[in-house]
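Asker: The following block contains a protein sequence and its predicted model.
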Amino acid sequence: MAEYRFEEILRRLKLKVTPRRLAVLEAMARETSFLSAEQVWSKVSPARKMGLPTVYRILDELALSGIVTQVIRDDRQLYYFLCLNEKHHHHFVCTSCKKVEDIDLCLADELRAEVAQRLKGTLVSHIIQLQGLCSHCAPQEQQK
Ligand SMILES: [Zn+2]
Ligand SMILES: [Zn+2]
Ligand SMILES: [Zn+2]
């Protein structure tokens, strides 16, 4: 995996570089799937002695800055994923192995036109969450 310079990234996001923020980023960088705040907490807590509310606060800050994406799963819990692809894009989540992959296609222009035409409104933001089976899991599902 690539070496990420989280100090630089935090500075660029205008967030103060703190050991806690770095610990959360480092823990998340090792993951290929969305984690709940509790899961992030269990990964950073033994070394950093931080409470769950702190982890929630840091995740919120990182989500606001755009470096962390949030999804809501069927259990209505929020899950977090660190993605360093800074271009606007969406995520494909494998429902079997939970792996996350980037999708660069965006339908914002079509959505904006539809909102303008049909609702006479203006599109401000959009969240698109794609779920399916990844290239590894799809063949296995077919064999079942
Ligand atoms: Zn998969
Ligand atoms: Zn991404
Ligand atoms: Zn988009």
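Answerer: Okay, I see it. Ligands and ions are numbered 1, 2, ... in the order given.
Asker: For stretch 105-113, list every residue counted as buried.
Answerer: When neighbours are counted by 16 or more other CB atoms under 10 Å, no buried residue of stretch 105-113 is found. For every residue, glycine as well, the C-beta is placed using N, CA and C.
Asker: Is any residue of that stretch near ligand 3?
Answerer: Yes: counting by CB under 5 Å from the ion, contacts between stretch 105-113 and ligand 3 involve Cys106, Ala108.
Asker: Next, the residues that contact that stretch from outside, please.
Answerer: Residues from elsewhere that reach stretch 105-113 (CB atoms under 8 Å, 6 or more residues apart in numbering): His88, His89, His90, Thr122, Leu123, His126, Ile128.
Asker: Quick one: buried ones out of those?
Answerer: Burial of those was assessed by neighbour count (16+ other CB under 10 Å); the buried members are His90.
Asker: Tell me which entries of the contacts of stretch 105-113 lie within strands.
Answerer: With DSSP state E as the criterion, strands contain His90 from among those.
Asker: So what's the gap between stretch 15-23 and the chain middle?
Answerer: For stretch 15-23, the distance between its averaged C-alpha position and the chain's averaged C-alpha position is 18 Å (CA atoms, centre = their mean, to the nearest Å).
Asker: Now do the end-to-end distance for it.
Answerer: The first and final residues of stretch 15-23 sit 14 Å from each other (CA to CA, to the nearest Å).
Asker: what separates Met28 from ligand 2, distance-wise?
Answerer: To ligand 2, Met28 is 12 Å away according to CB to the ion, to the nearest Å.
Asker: before we move on, what about Ser36?
Answerer: Distance of Ser36 to ligand 2, computed by CB to the ion: 18 Å.
Asker: now do Leu123
Answerer: According to CB to the ion, Leu123 and ligand 2 sit 21 Å apart.
Asker: okay, and the helix or strand of this protein with the least pLDDT?
Answerer: Averaged element by element with mean pLDDT, DSSP states H and E, the chain has its least confident helix or strand at helix 137-143 (a mean of 83).
Asker: Just the C-alphas of it, formatted as PDB.
Answerer: What follows is helix 137-143 as a C-alpha-only set of coordinates in PDB (Å, rounded to 0.1, in the frame of the first residue of the first chain):
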ATOM      1  CA  CYS A 137     -17.500 -12.400  -5.200                       C
ATOM      2  CA  ALA A 138     -19.800 -12.400  -8.200                       C
ATOM      3  CA  PRO A 139     -18.600 -15.700  -9.700                       C
ATOM      4  CA  GLN A 140     -18.800 -17.400  -6.200                       C
ATOM      5  CA  GLU A 141     -22.400 -16.200  -5.800                       C
ATOM      6  CA  GLN A 142     -23.300 -17.700  -9.200                       C
ATOM      7  CA  GLN A 143     -22.000 -21.100  -8.100                       C
END
